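Asks: what's the 3D shape of this:
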Amino acid sequence: QVQLVESGGGTVQPGGSLRLSCVASGNTLSINIMGWYRQAPGDQRDLVATITTLAGTSFIGTNYADAVKGRFTISRDYAKDTTYLQMNNLLPEDTAVYYCKARTRTGVDYWGQGTQVTVSS
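Replies: Numbers count the residues shown, from 1 in each chain. Next up is the predicted model:
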């Protein structure tokens, strides 16, 4: 079992920045992919970014949605079991609930409760 808790959401003006955090607990060494997803009202939940590791702590690579490339950065602090999403140059269309997801080596997915990000002037 893995538990995830997100934080760091809020309201920011266009062009601003936010950093989201996702703290994992439980069987964290079983996680090989951490991801951030987002869902705007009336829309489906979409991938934002993922970070892949091997054997729990060996970094493999990252992947980003085209809409956020060059603006968002995903990173993972293995000592703190925390995954971050640094979001720069935020746009109104980035407004959504952001969810953290962990996928284990056996293919089981765990989700956090979500954190609201609002970009508005």
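Asks: only C-alpha atoms for contact and neighbour calcs from this point on.
Replies: Fine.
Asks: Check what pLDDT the one residue sitting closest to the centre of the chain gets.
Replies: For the chain, Trp36 is the residue whose C-alpha lies nearest the centre (CA atoms, centre = their mean; 2.6 Å). On pLDDT, Trp36 comes in at 98.
Asks: again with Ala55
Replies: 67.
Asks: How about the one 4 residues further on?
Replies: The per-residue pLDDT reported for Phe59 equals 78.
Asks: Return the residues in contact with it.
Replies: When contacts are counted by CA atoms under 8 Å, 6 or more residues apart in numbering, Phe59 touches 51-53.
Asks: Now the element after the helix-or-strand element of the chain with minimal mean pLDDT, going C-ward?
Replies: Least confident helix or strand, the chain: strand 58-64 with a mean of 88, by mean pLDDT, DSSP states H and E. For strand 58-64, the succeeding helix or strand toward the C-terminus, using DSSP states H and E, is strand 72-77.
Asks: Alright, that wraps it up for me.
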